[in-house]
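K.L.:
what follows is a predicted structure for the sequence shown.
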Amino acid sequence: MMQLSKLTSKGQMTLPASIRKYFELHRGDKLQCLIEGDHIVLIPAKGSVRDLKGMIAKPKLAVSIEDMNDAVETEAAERAMPR
């Protein structure tokens, strides 16, 4: 489906209604803009961070902030040592 759109003096454009309807886009929706060679690709940015809930299992063993800080400090010290 090829549609023509025109840029305004402010660099804005209106997506044709048929494209908005096809992708179920509404006022305030966001689009990711990518450059691929000599093309501009617009990808609907649907969903939210909340949609990611549950994708990563909870750890079997709880770790305190202090333990995490100690682990980061130890790892940073080891990486700083010359080999």
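P.N.:
Received it, and whenever you're ready, just let me know what you need. Residues are numbered from 1 along each chain as shown.

K.L.:
work out for me the element residue 79 sits within.
P.N.:
helix 65-80 (DSSP states H and E).

K.L.:
and the helices in this structure?
P.N.:
For the chain, applying DSSP state H gives helices covering 17-22, 65-80.

K.L.:
most tightly packed of the ones you listed?
P.N.:
Most buried of these, by mean neighbour count (mean count of other C-beta atoms under 10 Å): helix 17-22, with a mean of 12. C-beta: built from backbone N, CA, C; applies to glycine.

K.L.:
in this protein, where is pLDDT below threshold?
P.N.:
Along the chain, the model assigns pLDDT under 70 to no residue.

K.L.:
let me see the ranges of the strands in it.
P.N.:
31-36, 39-44 (DSSP state E).

K.L.:
hang on, the earlier thing: the helices of the chain: which one's closest to residue 36?
P.N.:
Closest of these to residue 36 is helix 17-22, at 18.1 Å (criterion: C-beta to C-beta).

K.L.:
counting by contacts, list what the closest one packs against.
P.N.:
On a contact count with 3 or more C-beta pairs under 8 Å, 6 or more residues apart in numbering; DSSP states H and E, helix 17-22 meets no helix or strand.
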